[in-house]
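Enquirer: fold the following.
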Amino acid sequence: QGVPAAATRFPGTEPLIFNAPNRNARFTGREDDLAELRRQLQSGGSAVVLPVALQGMGGVGKTQVALEYVHRFRSAYDVVWWVVADPPQFVDTALSDLGARLGLPAGPALPETVQTVLQALGRGEPYERWLVVFDNAEELEHVEQFLPQGPGHVLLTSRNRAWGERANPIQVDVFDRAESVAHLAQRVPAISREEADRVAEALGDLPIAVAA
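Expert: Numbering: from 1, shown residues only. Predicted structure coming up:
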């Protein structure tokens, strides 16, 4: 059974349903991106909020920003569900699995089950405070049909700029130099600031390279 829509969530309360990868213990920086992401997802108040799309080239850390958001703000949600959208052929199965966790009845076939899940999320039943993340949602024409609408939040990560017409985009860029240096210092404690700066310069501050 769900909790009443107006029920208070206390600090530190865990989601009733949580399905996401483990938190990255070495996550560094990105405070501006995380603050903007939280602001945009909360911007609708009681109205339906557009999906938010973390956009940027491969390797800039879109997935890591989404993952940090999920863990940092998990107590704001009753349900958190992470969907791997690349390849997109299994998005419907992931939503069907969510339906099972929500205790929803399965339909005679997968498409009917998915529609039941999307309709339940749209009504906010049994929970209004949900977050569904579609990670690496590159094939817009396949994934868009599976985006829930309603009182919860939808977060996408994608290199596909076409999402900018259907979601609120946040551009994720390479690390700034201070973030690169901080991350390298965390990974290699013996490195000097000057050495870290040179390494970051050589790697173009690309997070996936800095973290390697």
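
Enquirer: what's whichever strand or helix holds T116 in contact with?
Expert: Element membership for T116, per DSSP states H and E: helix 110-123. Residues from elsewhere that reach helix 110-123, judged by CB atoms under 8 Å, 6 or more residues apart in numbering: 92-93, 95-96, 98-99, 102, 104-107, 126, 130, 132, 146, 148-150, 152. Bear in mind the C-beta positions are built from the backbone N, C-alpha and C, glycine included.

Enquirer: ok, the residue most central in space within the chain - contacts?
Expert: Ranked by distance to the mean C-alpha position of the chain (CA atoms, centre = their mean), the top residue is A66 at 3.7 Å. When contacts are counted by CB under 8 Å, 6+ apart, A66 is found next to L54, V133, D135, L155, T157.

Enquirer: am I right that it sits in a helix?
Expert: Yes. Note on A66: a helix contains this position according to DSSP: H, G, I helix; E, B strand; the rest coil.

Enquirer: for this protein, which segments count as strands?
Expert: According to DSSP state E, the chain carries its strands in the segments 17-19, 52-55, 79-84, 130-135, 153-158, 168-171.

Enquirer: for S96, give its distance to N22.
Expert: Computed with CB to CB, to the nearest Å, the distance linking S96 and N22 is 23 Å.

Enquirer: higher neighbour count, the two?
Expert: Neighbours per residue (other CB atoms under 10 Å) separate S96 from N22, with S96 holding more: 20 against 7.

Enquirer: quick one: neighbours of the residue lying closest to that one once chain neighbours are set aside, just the number.
Expert: Here the nearest residue to S96 in space, its sequence neighbours aside, is T113; by CB to CB, 6 or more residues apart in numbering that works out to 4.8 Å. Residues within reach of T113, counting by other CB under 10 Å, total 21.

Enquirer: same thing with R23?
Expert: Other residues near R23 come to 14 when the count uses other CB under 10 Å.

Enquirer: which ones are touching it?
Expert: Residues counted as contacts of R23 (CB under 8 Å, 6+ apart) are L67, E68, H71.

Enquirer: what are the phi and psi angles of the residue found closest to the last one once you drop the neighbours it is linked to in the chain?
Expert: So that's H71. Taking CB to CB, 6+ apart as the measure, H71 lies nearest to R23, with 4.2 Å between them; neighbours along the chain are not counted. When read as degrees, to the nearest 10, the backbone of R23 gives phi -70, psi 140.
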